[in-house]
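Q: The amino acid sequence is not available; the structure is as follows:
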């Protein structure tokens with residue numbers, strides 16, 4: 001049994017490295033407008049991959065959340081959270097209209113193109129961050145962005161259960177049937193491993209800017 005677990009862990013490590021390749025968040029621009037609001041442009045690469053696209057076409061719902069944080073240096077250490085906000089999406093496929101559905105705080109969009117889904121969920125322009133009047137020109141700041149894509153939702157558990165039922169004998173399938181225990185079941189070691197291998201697990205990528213200061217309407221990198 002230990003050998004099996006070790007083999008699984010090695011597969012996951014290799015799979016994680018391969019899957020992580022080509023996935024990243026790039027901060028393209030930091031700028032201040034006439035109202036002295038700090039805006040950012042950024043994009044994510046390789047997040048909506050072929051597995052996610054295939055999953056949507058099979059009826060799996062995905063959620064995507066970007067956590068955008070502004071940090072300040074205090075006593076030389078980057079440990080002061082100044083401000084944070086979120087960008088959230090829900091992705092699915094409408095079999096009646098045969099279109100992808102992208103829901104966000106701003107709109108509900110239907111499209112036949114997975115490229116449009118990628119564009120709408122991966123490219124951001126003029127995202128408002130914070131009023132620069134609240135910032136100190138003598139403090140260095142760093143912008144960090146984390147994207148968390150969850151290709152698995154509660155309604156997808158039956159598919160996972162069916163796939164696993166003939167492969168793994170030490171998974172308590174009853175936990176998957178009981179809504180109160182679904183989250184606990186997903187967090188169990190073996191199920192979590194197989195979710196990662198098959199692409200059902202969460203995908204998390206990060207990006208951050210170089211340190212910068214804001215003086216009036218000017219952003220200067222250090």
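A: Right, received. Where do you want to start? As the structure is a computational prediction, the values presented were derived from the model and not from experiment.
Q: Tell me the helices and strands packed up against the lengthiest strand in the chain.
A: Longest strand of the chain, by residue count under DSSP state E: strand 77-94. Contacts defined by 3 or more Cβ pairs under 8 Å, 6 or more residues apart in numbering; DSSP states H and E place strand 77-94 against helix 50-57, strand 62-74, strand 99-104, helix 114-122, strand 123-131. (Glycine included, C-beta is placed from N, CA and C.)
Q: how about a cut-off of 10 Å?
A: Judged by 3 or more Cβ pairs under 10 Å, 6 or more residues apart in numbering; DSSP states H and E, strand 77-94 is in contact with helix 50-57, strand 62-74, strand 99-104, strand 108-111, helix 114-122, strand 123-131, strand 141-150.
Q: which other residues reach the third one?
A: Outside of strand 99-104, the residues that reach it under the criterion Cβ atoms under 10 Å, 6 or more residues apart in numbering are 53, 56-57, 61, 63-64, 87-94, 108-114, 116-117, 119-121.
Q: quick one on the thing from earlier: do you know which of the helices and strands packed on strand 77-94 lies nearest residue 22?
A: helix 50-57 (11.9 Å; Cβ to Cβ).
Q: need the contact list for the residue lying closest to residue 34 once chain neighbours are set aside.
A: Closest residue to residue 34 apart from its sequence neighbours, by Cβ to Cβ, 6 or more residues apart in numbering: residue 217 at 7.5 Å. Counting by Cβ under 10 Å, 6+ apart, residue 217 makes contact with 31, 32, 33, 34, 35, 36, 38, 132.
Q: Angles on the backbone of residue 217, please.
A: Reported as degrees, to the nearest 10, the phi and psi values for residue 217 are phi -100, psi 20.
Q: Looking at the helices and strands packed on strand 77-94, which is nearest to residue 221?
A: The closest of the helices and strands packed on strand 77-94 to residue 221 is strand 141-150. By Cβ to Cβ, the value is 10.4 Å.
Q: This completes my enquiry, with thanks.
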